[in-house]
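Asks: build the 3D model from these lines:
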Amino acid sequence: MATAASASPAALRAKTPAPNPHPSPKSSLAFPWASPGASAPASASGRLHASLHLGGARSIGTANGTGLHVLHPDVTPLAVPKMAAGAGDQKSILLYHCEEMTDLAQQVAARNDDIQLCSISWRKFPDGFPDLFIPNAQNIRGRHVAFLASFSSPGVIFEQLSIIYNLPKLFIASFTLILPFFPTGTSERMEDEGDVATAFTLARSLSHIPISRGGPTSLVIFDIHALQERFYFGDAILPCFESGIPLLKTRLQELPDSDNIAIAFPDDGAWKRFYKQLQHFPMIICNKVREGDQRIVRIKEGDARGRHVVIVDDLVQSGGTLIECQKVLAAHGAAKVSAYVTHGIFPNKSWEKFKPDNGEGPEHALSHFWITDSCPLTVEAVKDRRPFEVLSLADSIASALQI
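Replies: Numbers count the residues shown, from 1 in each chain. Below is the predicted model of the structure:
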């Protein structure tokens, strides 16, 4: 067998490619690309066609006189997978709930076929402590899970927190907590040394919900009392603040005197909270002034004469401020007075103070009192009682679950 050392000069010349009369610039790439429009010279010793497929892309290679393969890119673009649209983007959600929220949870599930209602066994031991059980816990692995809560009293918070802390640990894809009413929101600041801001306490408790496989818990709250309370929550939870005001606006548009509505705020705090959502209505701002030992409600700005005035606030407790505001608006010429609050708390049946207007006039009664179903015990108490009307959060919650 002939070796390189024994090969004749003629044989060596036959094996060596002829030099390229038009050499191309050197490239730092191992396989330099040809410039647009360039082609391999006719004197090349041979051609090699190769195809490189990358998701539909195709490149053709030729061997030039230097012995290197030059790749010519095909113009066929890379195939890009199409994103699902429409109903395909909807998350399938398993919705759990406390016992008080059964009716609202059923309404939420009825709004969207992708929301499946699930149950929890709420039992108690003989000593009164909760004995809880989540059926089919293994079957919720990898699923999007939500819990609809109602912290209506300190006595029910512990049992619900026990479920809330446990669900994310079941290897679920994501966890959303819907707490329509944040009950300690009005205790958000200290005025004297020794005051305890329980809004901070509850916010920190919720901030320690375990992280699910999908990341931190999403927390949905409607019309929290003070927006700065968002800073009470830690980094392990993502608060999402929604509002019931769009429900009110829709209802006002249905009234026969919708073009004669004015919005009244019982204090500056309510105005700051809601005026941006209601700025297309004429506005009246009331405030409280102290005269001796009494605090009297007066109109700070705005005109109530001849208007159907709707008093708007985030919540009502005893209702004393709303009643005083109603009286001063009637005294200043309001044709009708109604009220809206997102959270009707009404401890000790204080809702009984509000009577329907049967012709007595706005100084004695309300035309309408709208509340949402964020406080289910109140909803049950005022059902079918004028002047109360419940605006359901079901649509808003169903939409929030798809965020």
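Asks: give me the below-cutoff pLDDT ranges for the stretch 201-350 of the chain.
Replies: Along the stretch 201-350 of the chain, segments meeting pLDDT under 70 are nowhere present.
Asks: if you set the cut-off to 80 instead, what comes out?
Replies: 290-295 (pLDDT under 80).
Asks: now the helices for it?
Replies: Applying DSSP state H, counting those that start in this stretch to the stretch 201-350 of the chain gives helices spanning 245-253, 268-274, 320-331.
Asks: nearest to Ser162, of the ones you listed?
Replies: helix 245-253 (31.8 Å; Cβ to Cβ). (Glycine included, C-beta is placed from N, CA and C.)
Asks: figure out the helix or strand that the nearest residue to Asn112 once chain neighbours are set aside lives in.
Replies: Among residues not flanking Asn112 along the chain, Ala398 sits closest, at 4.8 Å (Cβ to Cβ, 6 or more residues apart in numbering). In this assignment (DSSP states H and E), Ala398 forms part of helix 394-400.
Asks: packing partners of that helix?
Replies: Judged by 3 or more Cβ pairs under 8 Å, 6 or more residues apart in numbering; DSSP states H and E, the packing partners of helix 394-400 are helix 102-111, strand 174-178, strand 217-222, strand 237-242.
Asks: so which of these is nearest Ser367?
Replies: Checking the helices and strands packed on helix 394-400 against Ser367 by Cβ to Cβ gives strand 217-222 as the closest, at 24.1 Å.
Asks: what comes into contact with the closest one?
Replies: With Cβ atoms under 8 Å, 6 or more residues apart in numbering as the test, strand 217-222 has contacts from 168, 174-182, 206, 209, 211, 233, 236-244, 342-343, 372, 374, 393, 396-397, 400-401, 403.
Asks: please check the residues you listed and keep the buried ones.
Replies: Buried by 16 or more other Cβ atoms under 10 Å: 168, 174-182, 206, 209, 233, 237, 239, 242-244, 342-343, 372, 374, 393, 396-397, 400-401, out of the contacts of strand 217-222.
Asks: quick one, what contacts the residue nearest to Asn112?
Replies: Taking Cβ under 8 Å, 6+ apart as the criterion, Ala398 is in contact with 108, 111-112, 115.
Asks: what about stretch 89-105, distance to the chain center?
Replies: The chain centre lies 15 Å from the centre of stretch 89-105; the measure is Cα atoms, centre = their mean, to the nearest Å.
Asks: check the separation of the first and last residues in it.
Replies: 22 Å (Cα to Cα, to the nearest Å).
Asks: buried residues in that stretch, which are they?
Replies: Buried residues in stretch 89-105 (16+ other Cβ under 10 Å): 91, 93-98, 100-101, 104-105.
Asks: quick check: the farthest pair among these?
Replies: The most widely separated members of the buried residues of stretch 89-105, counting by Cβ to Cβ, are Lys91 and Glu100 (25.1 Å).
Asks: still on that earlier bit, give me the mean pLDDT for the helix holding Ala398.
Replies: The average pLDDT within helix 394-400 is 97.
Asks: how about it as CSV, C-alpha atoms only?
Replies: Presented in CSV, the C-alpha positions along helix 394-400 are these (Å, rounded to 0.1, in the frame of the first residue of the first chain):
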residue,chain,number,x,y,z
ALA,A,394,-70.5,35.9,41.9
ASP,A,395,-69.6,37.2,38.5
SER,A,396,-66.7,39.3,39.9
ILE,A,397,-65.3,36.3,41.8
ALA,A,398,-65.6,34.0,38.8
SER,A,399,-63.7,36.6,36.7
ALA,A,400,-61.0,37.1,39.4
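Asks: which residues touch the nearest residue to Arg143 once chain neighbours are set aside?
Replies: Closest residue to Arg143 apart from its sequence neighbours, by Cβ to Cβ, 6+ apart: Leu94 at 5.3 Å. Neighbour list for Leu94: 116, 118, 140, 143-146 [criterion: Cβ under 8 Å, 6+ apart].
Asks: hmm, 6 Å instead?
Replies: 116, 118, 140, 143, 145 (Cβ atoms under 6 Å, 6 or more residues apart in numbering).
Asks: neighbour count, pLDDT and distance to Ser258 added to these, as CSV?
Replies: CSV is the format used below for these (neighbours: other Cβ atoms under 10 Å; pLDDT from 0 to 100; distance: Cβ to Cβ, whole Å):
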residue, neighbour count, pLDDT, distance to Ser258
Gln116, 12, 97, 38
Cys118, 20, 97, 40
Ile140, 19, 96, 45
Arg143, 17, 97, 43
Val145, 21, 98, 41
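Asks: now the buried residues of stretch 89-105 in a markdown table, with pLDDT?
Replies: Listed next are these as a markdown table, based on pLDDT from 0 to 100:
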| residue | pLDDT |
| --- | --- |
| Lys91 | 90 |
| Ile93 | 97 |
| Leu94 | 98 |
| Leu95 | 98 |
| Tyr96 | 98 |
| His97 | 98 |
| Cys98 | 98 |
| Glu100 | 96 |
| Met101 | 98 |
| Leu104 | 98 |
| Ala105 | 98 |
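Asks: gap between the residue nearest to Gly344 when sequence neighbours are not counted and Ile284?
Replies: Ranked by Cβ to Cβ, 6+ apart and with sequence neighbours excluded, the top spatial neighbour of Gly344 is Ile371, at 3.6 Å. For Ile371, the distance to Ile284 (Cβ to Cβ, to the nearest Å) stands at 21 Å.
Asks: please apply the same query to Ala304.
Replies: 6 Å.
Asks: and Val297, by the same measure?
Replies: Applying Cβ to Cβ to Val297 and Ile284 gives a distance of 12 Å.
Asks: which of these two has more residues huddled nearby?
Replies: Ile284 (26 against 21; other Cβ atoms under 10 Å).
Asks: what's the burial count for Lys169?
Replies: 12.
Asks: pLDDT score for it?
Replies: pLDDT, Lys169: 96.
Asks: ok, now the one 3 residues further on?
Replies: pLDDT for Ile172: 97.
Asks: cool, and the one 4 residues further on?
Replies: With respect to pLDDT, Thr176 scores 98.
Asks: for Ile224, the count of nearby residues, please.
Replies: 25.
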